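A.B. asks: just to be clear, the model below is a prediction. Sequence and coordinates:
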Amino acid sequence: MASQIKSELDTGVSFVAPMPTTALSDGLEQRIYAARVRLLYSGIGQTTTVNVINTVILAIVFRNMVDAGILAGWSAFMAAGILWRVWLVSRFRAAAPTDGAMGNWARNYLLGALWTGVAWGLAGIFLLPEGGPPYQIITVGVLGGSAAGAVITLTRYYPAYLAFVIPSVTPVAVHFARVGGESGYGMAAMSVLFLTFLLLAGRKQSDSLEQSLGLSMENQGLIEHLTAEKARAEQLNAELRHEMAEREKVGGELQERETSLANAQRIAGLGSWTWNLVTNEISGSDEAYSIFAIDRATESITFDQFMGMVHPDDRDAVTKAVNASLEDGSIYSVVHRAVLGDGTVRVVHERGETVFDESGRPAVMMGTAHDITEQHRVLRELEAAKSQAEDGSRAKSRFLANMSHEFRTPLNAIIGYSEILKEDAVEADQEESSVDLDRINAAGRHLLALVNEVLDLSKIEAGQMELYIESFRVAELAGDLVSTVRPLAAAQGNELTIDCDPDPGEMAADATKVRQILYNLLSNAAKFTEEGRINVKVHRLDDAEMEGHDGWIEFSVTDSGIGMAANRIEAAFRAFDQLDPSTTRKYGGTGLGLAISRHYCEMMGGAISAESELGRGSVFTVRLPAKASAHLTPATAGATN
């Protein structure tokens with residue numbers, strides 16, 4: 001670096017980078033355009049206030065001079081334009097658009113300016129002819145004042161200025177020209193001259209603003225460039241001073257310290273130490289002395305003194321690691337406890353390696369010491385917390401399993417006795433009692449189903465759920481299941497159909513769990529669909545479509561029900577999770593069905609996925625190996641959870 005700078009100084013070449021010729025021009029036009037649009041929106045409050053005041057003035061002045069309907073219509077038209085601009089500026093402030101997105105905002109503002117200009121032009125058409133000269137003077141004064149004021153506020157974007165001024169002033173000139181006569185033509189000519197003056201003044205004001213913004217941005221660019229060059233020059237000076245200072249340092253001490261630092265950086269650690277194996281002296285950095293609470297006035301310690309600080313239970317491990325490094329020069333790494341003079345115990349991670357002399361004998365050992373006491377404590381706490389959480393989870397699963405078993409006995413009794421009592425009620429022609437007993441029976445069965453789901457989930461979480469693999473005909477299982485669910489679908493006014501391969505063949509799996517998976521999907525479809533369609537597809541995938549497990553069986557359940565948002569699909573597979581509280585109140589359930597279904601699919605080496613759109617329905621797809629076993633790993637092909 002110093003040689004490079006010296007070369008530049010000697011040759012007379014400036015080492016300050018020249019100002020890029022394109023740095024100020026690139027994107028400058030876009031930045032100026034964006035700045036003008038922002039200025040336009042910043043002044044909308046003033047123009048809105050003036051328009052409201054002028055509108056109110058004309059409405060009051062002409063309230064008895066102009067037809068009430070015309071005056072109300074004109075006022076409403078003007079109010080609509082004002083509200084449009086108020087709404088537009090609120091949207092602009094909320095959006096905070098970038099420089100590149102100003103085009104649409106400028107066009108929207110132009111539309112509002114045109115609207116307001118037309119509104120004032122309509123005042124010239126409908127209000128100016130009414131009343132005598134005093135009223136005409138008021139009208140012309142309001143219109144002229146609005147147009148003149150636009151020179152200040154709207155010339156920030158010249159097209160918007162034109163869109164306002166031309167339609168607001170032109171009708172005045174037309175009116176006086178139609179009046180005719182010396183005064184009429186004179187006023188018309190003055191109006192045209194006034195409009196011409198406004199257009200020229202607005203153009204000049206717009207050009208001046210553009211030049212001012214351009215100069216301001218160019219100055220800002222120059223300031224930024226000079227600031228960067230100043231920082232670069234200061235950096236070069238600092239590097240030059242540093243290198244000159246480094247060259248002043250000579251001697252063996254510099255080489256020794258640089259070598260020690262390089263080794264410490266390569267080995268990594270907080271405190272560095274060096275052990276002279278010839279003199280048996282260990283010296284270290286301030287950090288190393290601080291870790292072991294050694295007085296910094298002590299220049300060195302012996303290896304025996306160091307081992308005296310190592311916890312007695314860890315000394316063998318430290319000695320073994322050090323000896324291994326002394327034998328082959330390998331880097332050793334050992335974690336041990338250090339007992340300080342005041343009895344404080346710290347956990348230290350040490351790394352070191354041996355440097356051999358020319359004759360191959362160990363000469364120096366260098367390394368690092370890292371105080372990991374806090375990390376070690378946190379790790380122990382995390383391990384304890386994890387163990388406690390696992391114990392709690394197992395206890396919860398055991399509790400749920402035991403409670404579920406305890407619930408089953410009285411529930412079965414309630415269901416059984418309700419059926420017996422119903423038979424007696426039917427024989428005794430007690431219709432009201434029969435209906436009540438049906439409700440008791442249905443509630444009991446529903447509660448029993450919930451208990452069974454909780455029991456199944458607890459078995460799964462406790463790792464106690466087993467598979468019973470058997471062969472069965474896929475088409476028969478699907479057909480029987482559809483027949484079972486069809487009344488549930490019909491109760492909601494749904495049409496249930498099945499599309500099955502001509503011969504999907506047999507599959508070896510846990511038939512009970514396959515049936516429960518499909519029943520959960522079909523019952524959910526029937527529950528969340530009203531007056532719709534539910535379709536079941538059964539398809540056998542050959543090896544060309546999905547490899548492994550001697551083929552696959554794919555079941556899909558499609559409904560036209562309420563559906564769910566895409567970001568809620570994964571949550572639907574979590575235990576006790578439902579779409580929202582309203583779903584629970586309306587449709588009931590615990591939110592365990594899909595969670596259990598996913599566990600069953602994964603136990604048989606399969607996968608379950610879902611696609612859904614809120615208000616449009618859902619598609620649940622189950623893929624299971626045609627030949628499952630109790631030791632299969634979950635399938636990933638085609639799974640899109």
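C.D. replies: Nice, thanks for sending it over.

A.B. asks: domain-wise, how is the chain divided?
C.D. replies: Using automatic domain parsing, the domain ranges for the chain come out as 39-223, 263-371, 378-461, 470-625.

A.B. asks: tell me the mean pLDDT for the first one?
C.D. replies: Computed over domain 39-223, the mean pLDDT rounds to 79.

A.B. asks: span of that domain from start to end?
C.D. replies: In domain 39-223, first residue to last residue: 23 Å (CA to CA, to the nearest Å).

A.B. asks: in terms of pLDDT, where does Asp424 sit?
C.D. replies: Asp424 is given a pLDDT of 76.

A.B. asks: for it, grab the count of nearby residues.
C.D. replies: Around Asp424 there are 12 other residues, counting by other CB atoms under 10 Å. Bear in mind the C-beta positions are built from the backbone N, C-alpha and C, glycine included.

A.B. asks: contacting residues for it?
C.D. replies: Under the criterion of CB atoms under 8 Å, 6 or more residues apart in numbering, Asp424 has no neighbours.

A.B. asks: residues near Glu327, how many?
C.D. replies: 10.

A.B. asks: looking at this, it is in a helix?
C.D. replies: Yes. Assigned with DSSP: H, G, I helix; E, B strand; the rest coil, Glu327 falls within a helix.

A.B. asks: where do the helices sit along the stretch 201-350 of the chain?
C.D. replies: In the stretch 201-350 of the chain, the helices defined using DSSP state H, counting those that start in this stretch lie at 252-267, 286-291, 303-309, 315-328.

A.B. asks: could you tell me the least trusted of these?
C.D. replies: Among these, helix 252-267 scores lowest, with a mean of 59.

A.B. asks: gap between the closest residue to His376 other than its chain neighbours and Asp304?
C.D. replies: Excluding the flanking residues, the one nearest His376 by CB to CB, 6 or more residues apart in numbering is Val347, at 4.2 Å. Distance, Val347 to Asp304, using CB to CB, to the nearest Å: 22 Å.

A.B. asks: which one of those two is surrounded by more residues?
C.D. replies: A direct count of neighbours by other CB under 10 Å for Val347 and Asp304 places Val347 higher, at 20 against 8.

A.B. asks: that one pairs with what?
C.D. replies: When assigned by DSSP bridges, Val347 has beta-bridge partners Arg337.

A.B. asks: what sits against it?
C.D. replies: 335-338, 371-373, 375-376.

A.B. asks: which elements pack onto the helix or strand encompassing Leu195?
C.D. replies: Element membership for Leu195, per DSSP states H and E: helix 181-248. Applying 3 or more CB pairs under 8 Å, 6 or more residues apart in numbering; DSSP states H and E, one finds that helix 181-248 makes contact with helix 2-11, helix 28-42, helix 133-153, helix 158-179.

A.B. asks: save those helices as a markdown table, and put in mean neighbour count and distance to Asp328 too.
C.D. replies: As requested, the helices and strands packed on helix 181-248 are exported to a markdown table (neighbours: other CB atoms under 10 Å; distance: least, CB to CB, whole Å):
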| stretch | mean neighbour count | distance to Asp328 |
| --- | --- | --- |
| helix 2-11 | 11 | 43 |
| helix 28-42 | 18 | 66 |
| helix 133-153 | 17 | 84 |
| helix 158-179 | 21 | 82 |
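
A.B. asks: quick one: closest of those helices to Ala511.
C.D. replies: Closest to Ala511 of the helices and strands packed on helix 181-248 is helix 28-42 (CB to CB; 68.6 Å).

A.B. asks: tell me how far that closest one lies from the chain's centre.
C.D. replies: 31 Å (CA atoms, centre = their mean, to the nearest Å).

A.B. asks: and the contacts of that helix?
C.D. replies: 89, 92-93, 98-100, 102, 105-106, 109, 153-154, 156-157, 160, 209-210, 213-214, 217-218.

A.B. asks: and those residues, which are buried?
C.D. replies: For these, a burial check counting by 16 or more other CB atoms under 10 Å picks out 89, 92, 102, 105-106, 109, 153-154, 156-157, 160, 209-210, 213-214, 217.

A.B. asks: and the furthest pair within the residues you listed?
C.D. replies: Distance extremes for the buried ones among the contacts of helix 28-42: the farthest pair is Val89 and Gly214 at 25.4 Å, using CB to CB.

A.B. asks: buried stuff in stretch 467-480?
C.D. replies: Within stretch 467-480, the residues that count as buried by 16+ other CB under 10 Å are 467, 474-475, 477-478.
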